[in-house]
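K.L.:
this is a predicted model, with the sequence first.
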Amino acid sequence: MTEKKITPQQVAQLYTFISSKFVAYYDLQTELADHLANAIEAKWETDPNLPFEVALTAEFNKFGVVGFEKIVNRRRRSLRKKYKRLLRQELFGLLLSAKGLLLPVLIAGVYLLLVTVPLAYAGLSVVIFVVSLRQLGKTGRAYAQRVKSTGKRWLLDEVIHSFSMAGSFGGMMSQAFLMGFNDTVKPSLAAFSALVFGIWVVFSYVALYILPRKAAHYLNENYPEYKFESAS
């Protein structure tokens with residue numbers, strides 16, 4: 001006896017059903033659709049006459065009153081951890097490259113500004129913050145364009161974009177150390193502020209420039225179907 005399988009029309013129904021349960025991300029929809037399809041086919045092995053809708057409802061009820069919410073939150077946490085690992089890899093890669101040699105130069109330069117012309121440090125902080133905001137706008141438009149071109153939202157892409165938003169506040173965070181600065185800054189405070197400023201500049205550069213530029217690569221790596229969706 002031929003095993004009963006999910007039809008393409010029923011797969012489409014699964015996507016519609018999952019979307020109606022407030023799962024907006026296509027990558028999660030795909031994972032859930034695959035899970036539900038396998039579960040329904042397993043039910044058909046023992047009861048091939050079981051209606052598709054009945055089997056689907058029975059499987060969905062197994063997720064409890066919160067439905068797919070726990071799955072979405074768990075997957076979001078998992079992808080954020082994965083992205084943090086990618087962020088660390090890129091940070092270490094940058095620091096170990098020739099560009100990494102610029103970090104101690106930057107820290108030393110900021111330290112000299114703080115102990116000689118604190119207002120110049122304030123100006124530099126404002127410049128970094130403005131540049132960060134402009135780049136955030138650019139990455140935001142690129143993210144919106146990817147959503148528009150595929151017609152789908154991808155959770156990993158949203159995680160990447162959220163980290164670029166965090167990077168945009170590097171300049172703002174560095175300005176927090178201006179509080180209480182007068183005409184002079186103590187060397188110890190200047191050294192600490194310069195170190196924090198340098199770290200945030202590197203983080204902002206990786207989060208706002210390097211990783212968003214590799215977004216499509218990461219999506220293709222994690223979801224082979226993304227290549228075809230974005231090309232369609």
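P.N.:
Okay, I see it. Numbering: from 1, shown residues only.
K.L.:
where does the residue at minimal distance from the centre of the chain fall, secondary structure wise?
P.N.:
Nearest to the mean C-alpha position of the chain, by C-alpha atoms, centre = their mean, lies residue 159 at 1.7 Å. Assigned by DSSP states H and E, residue 159 belongs to helix 155-167.
K.L.:
how many other residues sit next to residue 197?
P.N.:
When neighbours are defined as other C-beta atoms under 10 Å, residue 197 has 27 of them. Any C-beta I mention is one placed from the backbone N, CA and C, and that applies to glycine too.
K.L.:
for the host helix or strand of it, packing partners?
P.N.:
Residue 197 is part of helix 187-205 when elements are defined by DSSP H and E. Applying 3 or more C-beta pairs under 8 Å, 6 or more residues apart in numbering; DSSP states H and E, one finds that helix 187-205 contacts helix 69-95, helix 102-116, helix 118-150, helix 155-167, helix 170-175.
K.L.:
mean pLDDT and distance to residue 23 added to those helices, as JSON lines?
P.N.:
Compiled in JSON lines, these are given as follows (pLDDT from 0 to 100; distance: least, C-beta to C-beta, whole Å):
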{"stretch": "helix 69-95", "mean pLDDT": "85", "distance to residue 23": "6"}
{"stretch": "helix 102-116", "mean pLDDT": "89", "distance to residue 23": "42"}
{"stretch": "helix 118-150", "mean pLDDT": "81", "distance to residue 23": "15"}
{"stretch": "helix 155-167", "mean pLDDT": "73", "distance to residue 23": "10"}
{"stretch": "helix 170-175", "mean pLDDT": "53", "distance to residue 23": "33"}
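K.L.:
and of those, who's closest to residue 15?
P.N.:
helix 118-150 (14.1 Å; C-beta to C-beta).
K.L.:
quick check: angle from that closest one to helix 102-116?
P.N.:
140 degrees (axes from the mean of the first three to the mean of the last three C-alpha atoms, to 10 degrees).
K.L.:
flag every buried residue along helix 118-150.
P.N.:
Neighbour counts over helix 118-150 (16 or more other C-beta atoms under 10 Å) mark 118, 121-122, 124-125, 128-129, 132, 135-136, 139, 142-143, 146-147, 150 as buried.
K.L.:
what's the answer for stretch 83-97, then?
P.N.:
For stretch 83-97, a neighbour-count test (16+ other C-beta under 10 Å) marks 83, 86, 87, 90, 91, 94 as buried.
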